[in-house]
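[1] would you be able to build a 3D model of this:
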Amino acid sequence: MKVLGINGSPRKSGNTATMLRSLFDRLEQEGIETELCQLSGLKLSGCTACYRCFDKRDRSCHGRRDDMNTVIAKMLAADAVVLASPTYFADLTPEIKAVMDRAGMVAIANDRMFARKVGAAVAVARRGGAIHTFDSLNHFFFINAMVVPGATYWNMGFALDPGEVAADEEAMTNMVALGENMAWLLKKIHA
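    Residues are numbered from 1 along each chain as shown. This next block holds a predicted model:
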């Protein structure tokens with residue numbers, strides 16, 4: 001079983017990555033393989049609603065020539081997908097939004113190709129707006145008929161400087177609980 005974590009932060013080693021590493025540590029302890037997909041440095045742009053994915057139905061986006069199909073292929077190969085984003089002006093980053101819009105459109109065009117995969121959202125904020133980011137990320141899972149496990153709190157941490165979220169004890173504890181719940185659910189699904 002494999003969990004793909006998509007880091008929507010432009011900072012490869014920022015607080016969002018710290019949260020994902022904590023989650024991955026617990027998943028790996030449970031025997032679950034993990035892979036980190038860093039959107040930083042990839043060429044990505046938003047959906048143009050060209051609907052070519054509905055014409056082709058080949059599990060690919062045909063609207064732009066960029067790195068999106070590499071990300072979509074990783075999502076397809078995983079049993080679970082974690083979408084993670086810092087909070088920018090009370091919402092998610094444009095990079096993760098591009099993935100959600102384009103991968104979501106391709107999924108719908110291809111008979112809900114992510115249906116019944118496990119999904120989880122992780123948000124980081126300096127102070128406010130994290131719940132909106134968390135909700136926005138979760139919308140991707142629900143419209144794609146994915147299964148979303150809970151934890152002990154909403155999956156968000158609070159920090160500003162890179163690595164500072166590691167001092168958010170509640171956030172780190174929640175990542176451990178999320179990892180345990182994701183591993184339990186994946187093992188049940190694949191039993």
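[2] so which strand or helix has Asn174?
    Element membership for Asn174 (DSSP states H and E) is helix 169-189.
[3] do the same with Cys50
    Using DSSP H and E, no helix or strand contains Cys50.
[4] what about it, distance to Asp67?
    Taken as CB to CB, to the nearest Å, the spacing of Cys50 relative to Asp67 amounts to 18 Å. Heads up, the C-betas are built off the backbone N, CA and C, glycines and all.
[5] neighbour count winner among these two?
    Asp67 (16 against 13; other CB atoms under 10 Å).
[6] pretty sure the more buried one contacts Lys43?
    Yes: using CB atoms under 8 Å, Asp67 makes contact with Lys43 at a distance of 5.1 Å.
[7] can you tell me how far the residue nearest to Gly8 when sequence neighbours are not counted sits from Lys2?
    Spatial nearest neighbour of Gly8, chain neighbours left out: Ile96 (2.8 Å); criterion: CB to CB, 6 or more residues apart in numbering. As for Ile96, its distance to Lys2 is 20 Å (criterion: CB to CB).
[8] more neighbours: which of the two?
    Looking at Ile96 and Lys2 with other CB under 10 Å, you find the greater number of neighbours at Ile96, namely 27 against 15.
[9] element containing that one, please.
    Counting by DSSP H and E, the element that carries Ile96 is helix 94-109.
[10] leaving out sequence neighbours, find the closest residue to the spatially most central residue of the chain.
    For the chain, Leu83 is the residue whose C-alpha lies nearest the centre (CA atoms, centre = their mean; 1.1 Å). Leaving out its chain neighbours, the residue that sits closest to Leu83 by CB to CB, 6+ apart is Leu137, at 4.6 Å.
[11] could you do His132 as well?
    That would be Ala90: by CB to CB, 6+ apart, it lies 5.2 Å from His132.
[12] give me the neighbour count for that neighbour.
    13.
[13] would you agree Gly5 is in contact with Val82?
    Yes: between Gly5 and Val82 there is a contact under CB under 8 Å: 4.3 Å.
[14] pull up the overlap in contacts between those two.
    Leu20, Leu23 (CB atoms under 8 Å, 6 or more residues apart in numbering).
[15] so those two - more neighbours on which side?
    Val82 (28 against 25).
[16] and the more buried one, that one's in a strand?
    Yes: the assignment for Val82 by DSSP: H, G, I helix; E, B strand; the rest coil puts it in a strand.
[17] that one pairs with what?
    For Val82, the beta-bridge partners under DSSP bridges are Gly5, Ala120.
[18] what secondary structure does the residue sitting furthest away from the middle of the chain sit in?
    Distance from the C-alpha centroid of the chain peaks at Asp55, with 26.8 Å (CA atoms, centre = their mean). Recorded secondary structure, Asp55: helix (three-state DSSP).
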